[in-house]
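S.K.: how does the following fold in three dimensions:
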Amino acid sequence: TLGKSYWLFRAAMFSEKQTQWGKKYTLKPGMRPKLAQMIRHRSLRYADEEMNELPPIIHMTISLELPKAVRTVYHSYIDAAQRAQEESSMYLRDTFVRLRQLASCFLGGKEDGGNRVETTFTGNPKLVATVELLDEMKEQGRKAVLFYEFIASEQQLRKELQKRKVGFRVVSGQVRKQEE
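M.R.: Predicted structure coming up:
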C-alpha cells in the first residue's frame, strides 16, 4: 500500500491543475513506467482518514418498475429457473446472470458460433433515474462515482451522458494485452 505517503506520492507523480470542477491530477510526463512498475501485482488501499477529499457516501434505495416487455422476459427466466433448479447449478447460475442483466434492460450472451449477441430494451428505468439524479447533483455542484456490473450498463450511460454533454471518466479493471 502507499499508506501515509499518499500525499507525497501524488506530489511526486502527478501534476495538479485547478478546473471548474475542482482539482485535476494528471500523471507527469515519464512517470507512467515508474507507476506501472510500482503497482504491478499490488492493490492500493487507504485508510478512511487518508481520503479526506472524498465526500461522504450516500446510499440510496430506489424502487423502479421494469418495462412490460422486460418484465415478461424476466418472469419467463424465473419460471425456467424454478423448473430446472434440480437439474443443473450451472443453468441456475446463468439464469441469475440473465435476471441481473434484464434488471438493467439488456440481455447478452454468446450464440452457438461464439459471437456475442446483445439485446437492449428501450425505456430503461435505471438509466432514467440515474440521469435524473446526476442532473440534480450537477445543479447542486456535486459529483458522483457510479459503479456498474455490466459493460452494457456503462455503454448505455455513456451514450446518455454524451448526448447531454456531461463530462465523465470511466475507470475500468481492463488491462492491455501484453506482447509475448
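S.K.: quick one, phi/psi of Gln18?
M.R.: Dihedral pair for Gln18: phi -90, psi 130, per degrees, to the nearest 10.
S.K.: who's in contact with it?
M.R.: By C-beta atoms under 8 Å, 6 or more residues apart in numbering, the contact list for Gln18 reads Lys24. To be clear about C-beta, it is placed using only N, CA and C from the backbone, and glycine gets the same treatment.
S.K.: now it, which residues is it bridged with?
M.R.: Lys23 (DSSP bridges).
S.K.: ok, it to Ala69 distance?
M.R.: Distance, Gln18 to Ala69, by C-beta to C-beta, to the nearest Å: 47 Å.
S.K.: same question for Phe14.
M.R.: From Phe14 to Ala69 the distance is 47 Å (C-beta to C-beta).
S.K.: which of these two has more residues huddled nearby?
M.R.: It is Phe14, of Phe14 and Ala69, that has more neighbours when counted by other C-beta atoms under 10 Å, with 15 against 12.
S.K.: enumerate every residue touching that one.
M.R.: By C-beta under 8 Å, 6+ apart, the residues touching Phe14 are 25-28, 31.
S.K.: next: Asn124.
M.R.: By C-beta under 8 Å, 6+ apart, the residues touching Asn124 are 67, 104-105, 156.
S.K.: ok, now with 10 Å
M.R.: By C-beta atoms under 10 Å, 6 or more residues apart in numbering, the contact set of Asn124 is 64, 66-67, 70, 103-106, 130-131, 153, 156-157, 160.
S.K.: one more: Thr120?
M.R.: Neighbour list for Thr120: 104-108, 152, 155-156 [criterion: C-beta under 10 Å, 6+ apart].
S.K.: secondary structure element for Leu92?
M.R.: Assigned by DSSP states H and E, Leu92 belongs to helix 89-103.
S.K.: after that helix comes which helix or strand?
M.R.: strand 106-110.
S.K.: element containing Val171?
M.R.: Counting by DSSP H and E, Val171 is found in no helix or strand.
S.K.: count of residues packed around it?
M.R.: Neighbours of Val171 (other C-beta under 10 Å): 6.
S.K.: please tell me the pLDDT value assigned to it.
M.R.: The per-residue pLDDT reported for Val171 equals 75.
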